[in-house]
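# starting from these lines, generate the structure:
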Amino acid sequence: MTEAEMLARINALQQENASLKTKPVSGYYTSYSDYKGRPVIVLNGPMRPFVFGRSKAKAVVALFEDIKRFAESGEGDE
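Reported below is the predicted structural model:
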């Protein structure tokens, strides 16, 4: 990737990131970035940002119902 291509990619990502930073009422929102040239999604909210790539995103999609049940159960909450 040439320097001009990298700068164009950075500019495009910054514009996309700015458009995605509108926080919904819940306080959680996503933004996109890249890590070592790979696209990642960033989960933002009242916690430290959580960043992961496509492989983990595919696992989350495949296991969404289990994750949803876990989040809604409240088990283990202090």
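
# can you give me the strands in this structure?
29-35, 38-44, 50-53 (DSSP state E).

# taking the mean pLDDT, what do you get for the shortest one?
Averaged across strand 50-53, pLDDT comes to 96.

# contacts for it, please.
Residues outside strand 50-53 that contact it (C-beta atoms under 8 Å, 6 or more residues apart in numbering): 33, 35, 38-43, 60. All C-beta spots, glycine's among them, are computed from the backbone N, C-alpha and C.

# now the second one
Contact partners of strand 38-44, identified using C-beta under 8 Å, 6+ apart, comprise 23, 28-34, 49-54, 57.

# now do 10 Å
For strand 38-44, the external contacting residues (C-beta atoms under 10 Å, 6 or more residues apart in numbering) are 13, 17, 20-21, 23, 27-35, 49-57, 60.

# related to what we said a few turns ago, turn the contacts of strand 50-53 into a markdown table, including neighbour count, distance to residue 72 and pLDDT.
Formatted as a markdown table, the contacts of strand 50-53 follow (neighbours: other C-beta atoms under 10 Å; distance: C-beta to C-beta, whole Å; pLDDT from 0 to 100):
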| residue | neighbour count | distance to residue 72 | pLDDT |
| --- | --- | --- | --- |
| 33 | 15 | 29 | 92 |
| 35 | 11 | 30 | 92 |
| 38 | 10 | 31 | 93 |
| 39 | 12 | 29 | 95 |
| 40 | 16 | 26 | 95 |
| 41 | 17 | 22 | 95 |
| 42 | 16 | 23 | 94 |
| 43 | 14 | 17 | 93 |
| 60 | 12 | 16 | 96 |
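
# mind giving me the ChimeraX select for the contacts of strand 38-44, buried ones only?
The following ChimeraX line selects those of these that are buried, judged by 16 or more other C-beta atoms under 10 Å:
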select :31
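
# for the chain, longest helix please?
Criterion DSSP state H: the longest helix present in the chain is helix 3-20.
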